[in-house]
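[1] mind looking at a prediction? Sequence and model below.
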Amino acid sequence: EDKVVQSPLSLVVHEGDTVTLNCSYEVTNFRSLLWYKQEKKAPTFLFMLTSSGIEKKSGRLSSILDKKELFSILNITATQTGDSAVYLCADSGAGSYQLTFGKGTKLSVIP
Amino acid sequence: DTGVSQDPRHKITKRGQNVTFRCDPISEHNRLYWYRQTLGQGPEFLTYFQNEAQLEKSRLLSDRFSAERPKGSFSTLEIQRTEQGDSAMYLCASSFGLAGRRNEQFFGPGTRLTVL
């Protein structure tokens, strides 16, 4: 059975700090690893990673996948209060398009 | 707004009643998914459609749950004889059918169900 574990479960930082969120996964015949941001509403798509070692970037956010060690990280530089949210990691395996989510990391950015 | 839409946004019902939720996916997406999310947890997969065909169902989807996508566009999720344990946020997502983009699932705002 697929398993996605995120750490830490919660994190409090000051504006301007850099944070690293972790995601480890176990899935049969890995297909992709996805990151979402969830504020008080539905998850919004951030990144999808399929290849190991290739960093994806969008502004201050970046993510990378290590398929050998079965983990991914999400980095946020120069954090802002608007980055406060729950960040969800999800994986999918071959033969299925369902996503298996972790519990999320709750990030709080204080001024 | 061309995103995924869901209706209603909130539903309060009494135990034992039936409820039905609707999801309208992004128009060019042919895959549609239902998830359930409870407090402090990530979304849990319920079922998935490609066009009008229901291709996967989770074991979480008991006999009281049924989903349809009759014309391959909008979908409905019905819960019969609701129980308090059904209280959750029900999320709908959609994605392209194109290889390489099938897993980029875009979520709607959700329907929050409260069973009293």
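    Great, that's in hand.

[2] rest of the way, CA atoms for contacts and neighbours
    OK.

[3] tell me, please, the helix or strand in chain B that averages the lowest pLDDT.
    With mean pLDDT, DSSP states H and E as the measure, the helix or strand of chain B carrying the lowest mean pLDDT is strand B:53-57 (a mean of 89).

[4] helices or strands up against it?
    strand B:44-50 (3 or more Cα pairs under 8 Å, 6 or more residues apart in numbering or on different chains; DSSP states H and E).

[5] what does the strand it packs on contact?
    Among residues not part of strand B:44-50, those counted as contacts by Cα atoms under 8 Å, 6 or more residues apart in numbering or on different chains are A:97-101, B:30-37, B:54-61, B:67, B:69, B:72, B:97.

[6] now it against strand B:53-57, angle please.
    Computed by axes from the mean of the first three to the mean of the last three Cα atoms, to 10 degrees, the angle separating strand B:44-50 from strand B:53-57 equals 160 degrees.

[7] partner strands of strand B:44-50, parallel or antiparallel?
    In the sheet containing strand B:44-50, its partner strands are strand B:31-37 (antiparallel), strand B:53-57 (antiparallel), by DSSP bridges.

[8] what's the shortest one in contact with?
    Just to be clear, that refers to strand B:53-57. Counting by Cα under 8 Å, 6+ apart, strand B:53-57 makes contact with A:Ser96, B:Leu46, B:Thr47, B:Tyr48, B:Phe49, B:Glu68, B:Arg69, B:Gly72, all of which sit outside it.

[9] and the first one, what does it touch?
    This means A:Ser96. B:Glu56.

[10] before we move on, what SS does it have?
    Of the three states, A:Ser96 takes coil according to DSSP: H, G, I helix; E, B strand; the rest coil.

[11] re earlier: buried subset of the contacts of strand B:53-57?
    B:Leu46, B:Thr47, B:Tyr48, B:Phe49, B:Glu68, B:Arg69, B:Gly72 (16 or more other Cα atoms under 10 Å in any protein chain shown).
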